[in-house]
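Trainee: missing the sequence, but the structure's below:
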C-alpha cells in the first residue's frame, strides 16, 4: 500500500505542478541558425543512463522520461517521472532557461532548471540535500548539442551524484 501511495505522490507532483506553472506564449526571439528554435514548442526527453560518481552497492538502474514546454523567449517549464538511483519511483516539476549559440556554436546550448522533487524516502532520504519527507529542491545544469532543429543530446549534472545522459525530441 505504501508503494502505491509513493507512486501516486510522485506522479501527482509531476502532473499537478506542471499544470500549475505558467504556460503563456512569449514573443519570438532572433535566431542565428536554423538549428536554434525560434517558436514555442514541446520537448520530450528520455534519459536511459546515469553515470554515478561513486560505486555504491545500493545503486540501481536509473532512468527518466520528461516533458518540457519551451517558450520563444528561452524560458521553459517541465515535469519528469524517473526511477532514482535507489530504485524509488520519483517525480519533479521545474522551471528553467536556455542559453543558445554557446561559444558561437549554433548547435551548443546550456540549460539550467530549478524546482522541486519527490522520491528519496526512507531509507535514502539523506541521499539528497534539504530533503523533508521525500521532498527536496533541485537545481540541474545541462549542456546540450542539437543534432537537428528537433533532436538533441544532453548531459546533466546531478549534484555530486553523477551525470545523466539524455535524448530530446522537440515537437
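Mentor: That came in fine, so what should we check first? Owing to the predicted nature of the structure, the values given are computational and were not obtained by experimental measurement.
Trainee: Who is residue 51 paired with across the strands?
Mentor: Beta-bridge pairing for residue 51 (DSSP bridges): residue 163.
Trainee: which stretch of helix or strand covers the residue nearest to residue 74 when sequence neighbours are not counted?
Mentor: Sequence neighbours aside, residue 98 is the residue nearest to residue 74 in space, at 4.8 Å (criterion: Cβ to Cβ, 6 or more residues apart in numbering). (Each C-beta comes from the backbone N, C-alpha and C, glycine too.) Assigned by DSSP states H and E, residue 98 belongs to strand 89-99.
Trainee: for the record, mean pLDDT for that strand?
Mentor: When pLDDT is averaged along strand 89-99, the result is 98.
Trainee: how long is stretch 122-133 end to end?
Mentor: Counting by Cα to Cα, to the nearest Å, you get 9 Å between the two ends of stretch 122-133.
Trainee: how near is the residue nearest to residue 74 to residue 80?
Mentor: Separation of residue 98 from residue 80 (Cβ to Cβ, to the nearest Å): 16 Å.
Trainee: just the strands in this structure please.
Mentor: Along the chain, the stretches classed as strands by DSSP state E are 41-52, 63-70, 75-83, 89-99, 108-118, 135-146, 151-158, 162-170.
Trainee: Which neighbouring elements make contact with the strand holding residue 98?
Mentor: When contacts are defined as 3 or more Cβ pairs under 8 Å, 6 or more residues apart in numbering; DSSP states H and E, strand 89-99 packs onto helix 2-20, strand 75-83, strand 108-118, strand 135-146.
Trainee: Just want the angle from that strand to strand 75-83.
Mentor: Per axes from the mean of the first three to the mean of the last three Cα atoms, to 10 degrees, the angle that strand 89-99 makes with strand 75-83 is 150 degrees.
Trainee: In its sheet, which strands sit next to strand 89-99, and in what direction?
Mentor: Take DSSP bridges as the rule and strand 89-99 pairs in its sheet with strand 75-83 (antiparallel), strand 108-118 (antiparallel).
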